[in-house]
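Q: have a look; sequence and predicted model below, questions after that.
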Amino acid sequence: VLRNEMSIVGPRPKADYEMWRFGKYKDYVLSIKPGLTGLWQVSGRNELPYSTRVKLDVYYVRKRSLLLDLYILLKTPIAVVTGRGAY
């Protein structure tokens, strides 16, 4: 974030070996900076199938706005404290 390579909110960074799962949306999701937190993280993380992660990342890129970012930022502490989906 400090080096301007990431945002606070955005799709999580992906490893090269996972990018095939994004199919035709790969370049679309990569068109914005990755974030420290995102819609996938506050929506259940590892409790969700990977296909849902793709859908949430694509949704975020399409609908990103200050209001959506604020929603994610408000939900992040709850996700961290409860640990939901973290394993």
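A: That came in fine, so what should we check first?

Q: list the buried residues of stretch 10-25.
A: For stretch 10-25, a neighbour-count test (16 or more other C-beta atoms under 10 Å) marks 10-12, 14, 22, 25 as buried. (Glycine included, C-beta is placed from N, CA and C.)

Q: now flag whichever of these is closest to residue 57.
A: Distance to residue 57 across the buried residues of stretch 10-25 (C-beta to C-beta) is lowest for residue 11, with 4.0 Å.

Q: ok, now how distant is residue 15 from residue 65?
A: 28 Å (C-beta to C-beta, to the nearest Å).

Q: same question, residue 83
A: 28 Å.

Q: list the contacts of stretch 38-47.
A: 9-12, 48, 52-53, 56-57, 59-60, 68, 72, 75-76, 78-79, 84-87 (C-beta atoms under 8 Å, 6 or more residues apart in numbering).

Q: buried ones among those residues?
A: 9-12, 53, 56-57, 60, 72, 76, 79, 84.

Q: show me where this structure has its helices.
A: Taking DSSP state H to define them, one finds helices in the chain at 26-30, 39-42, 50-63, 66-82.

Q: okay, now the unreliable bits of the protein?
A: 85-87 (pLDDT under 70).

Q: tell me the spacing between residue 53 and residue 24.
A: 16 Å.

Q: same deal with residue 68?
A: Distance, residue 68 to residue 24, by C-beta to C-beta: 23 Å.

Q: try residue 37
A: Distance, residue 37 to residue 24, by C-beta to C-beta: 25 Å.

Q: try residue 18
A: 15 Å.

Q: residue 60 too?
A: Counting by C-beta to C-beta, the gap from residue 60 to residue 24 is 17 Å.

Q: same check, this time on residue 30
A: Relative to residue 24, and taking C-beta to C-beta, residue 30 is found at 12 Å.

Q: about what we covered before: just name the most buried of the helices of the chain.
A: helix 39-42 (a mean of 24; mean count of other C-beta atoms under 10 Å).

Q: ok now that one, how far from the chain's centre?
A: Put simply, helix 39-42 sits 6 Å off its chain's centre (C-alpha atoms, centre = their mean, to the nearest Å).
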